[in-house]
Each structure stands twice: as structure tokens, then as C-alpha cells.
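**Q** no letters, just coordinates:
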């Protein structure tokens, strides 16, 4: 094995709550500092790597869940960028390309709110390109749906009739699974806006506002 070694650190988690009643607790914990590249190349030695043991590390528990977390870590190091535009009109044209249901006058109004010119005169989107990276926290669907079952407030679910889940998720998140998750929420009022796609507030702002007013009345 290389000179880079796996390390274990020890610490303490402390928590204090002031309301509704003061409560405080602390408990010991530990963390691992692992040379993953070396572990994959040279073997893990005494540490159980991707196998069950009293103390083990599974790559698939981290990053996007793939079998080799090094690939995910390497992707995090890659710089992310959003393209820039020559003018606000180009930004508006991009908005219209993204969403054919968006009216041109709304696109022209949105453009200078969605992007701003830099010192070089080029227009850049006011967004963080890092959102393109894989989220380091795995989405635990079973845990989330258990929490949704406990929702006591009535839920308004507004959806566009042209929303295409497969466009964004492909086979990873089929419509049937989407419906099954939503079905666990105790009180759901559903409304379908038409013609409308993913951007409800762009495509049907008046209809969406009316649905929200009725729901909150």
C-alpha cells in the first residue's frame, strides 16, 4: 500500500435547543479520512472497503451512489460554467427556446432579471453553474415518503398538462413512481393548467395565482 494511510478521527456532536423547552445533549462520534484513490488502486488493508464488517466504507453510500466514489470526486474538480450572451435580446431568445409557451413580451421582461451584463458587455445568467454537479447527499426516497405521510396541511399540487417527466428523468423516475410518492400525502388538491409546461409561473401566471387564492381562502 502507498504511504497515504486511512485515518480515523474522534469528536463530539453537541446540540442545544432553547424552545419550546431548553434541552441539550452531546454524544461521541468519529469520522474517517480515506485516501480513496489509493484504496482502489492498492487495496484497503485492515479497513473493510465495499464489504461488510464492524467498520467499513462503501463508495455507493456517497456521491451519486456509483461503485467508485473517486469518479464522483474527480467530477467535482471539473470547472462548471454557463454560456454567455451578446445582448439581452439573445437571453430572451434563449428563454423562448427553452420554453416555447413563454410569450415574447414576458421573455423580454425576464431577460434582464435572469441575466446581467459583465464588465466586458457579455450577458451572463445569474445562476450558480455548480448546480450541474451531482448532489453529494443521496436522496433517500423511502425516508422522504415517510415524512410526507406526516404532512397535516392541505397541499395544492399544480401541474402543467405538457410537463414531460421523462424529458428530465428518463427511465430513472417513471410517472408511476411519481404518482405513488404523491399518493402518500394525506390531503392533496390537484389542479392541471393548460396549455402549460414545467414553468407554471411563466406559462399560466394568472391561472396559477387564481388556484393558489382558492386554495388559501
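**A** Perfect, I can see it now. What you see is a predicted model, and the numbers here were worked out from it, not measured in a lab.

**Q** care to break the chain down by domain?
**A** 7-77, 84-132, 141-216 (automatic domain parsing).

**Q** let's test this: mean pLDDT of the shortest one, rounded?
**A** What that stands for is domain 84-132. Mean per-residue pLDDT for domain 84-132: 94.

**Q** where does pLDDT dip in this protein?
**A** Along the chain, the model assigns pLDDT under 70 to residues 1-3.

**Q** find the nearest non-adjacent residue to the most centrally placed residue in it, please.
**A** Nearest residue to the geometric centre of the chain (Cα atoms, centre = their mean): residue 135, 6.2 Å. Distances taken as Cβ to Cβ, 6 or more residues apart in numbering put residue 64 closest to residue 135, at 7.7 Å, once the chain neighbours are dropped. Where you see a C-beta, it was placed from the backbone N, CA and C, and this is true even at glycine.

**Q** can you show me the helices along the chain?
**A** In the chain, the helices defined using DSSP state H lie at 36-42, 69-77, 88-98, 104-114, 141-148, 165-169, 175-182, 200-203, 205-216.

**Q** now those helices as TSV including mean neighbour count and distance to residue 15?
**A** Converted to TSV, the helices of the chain look like this (neighbours: other Cβ atoms under 10 Å; distance: least, Cβ to Cβ, whole Å):
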stretch	mean neighbour count	distance to residue 15
helix 36-42	16	30
helix 69-77	14	28
helix 88-98	17	43
helix 104-114	15	40
helix 141-148	11	20
helix 165-169	12	36
helix 175-182	12	30
helix 200-203	18	38
helix 205-216	13	35
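
**Q** for those, could you give me CSV that also reports distance to residue 60?
**A** As requested, the helices of the chain are exported to CSV (distance: least, Cβ to Cβ, whole Å):
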stretch, distance to residue 60
helix 36-42, 13
helix 69-77, 8
helix 88-98, 34
helix 104-114, 37
helix 141-148, 15
helix 165-169, 20
helix 175-182, 20
helix 200-203, 35
helix 205-216, 39
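
**Q** wait, which of the ones you listed is closest to residue 52?
**A** helix 36-42 (16.3 Å; Cβ to Cβ).

**Q** what residues does that closest one touch?
**A** For helix 36-42, the external contacting residues (Cβ atoms under 8 Å, 6 or more residues apart in numbering) are 1, 2, 4, 6, 47, 49, 59, 68, 69, 70, 73.

**Q** quick one: end-to-end distance for stretch 154-165.
**A** 24 Å (Cα to Cα, to the nearest Å).

**Q** circling back: quick one: the residue nearest to residue 135 and residue 139 touch, right?
**A** No: when contacts are counted by Cβ atoms under 8 Å, residue 64 is not listed as touching residue 139 (9.9 Å).
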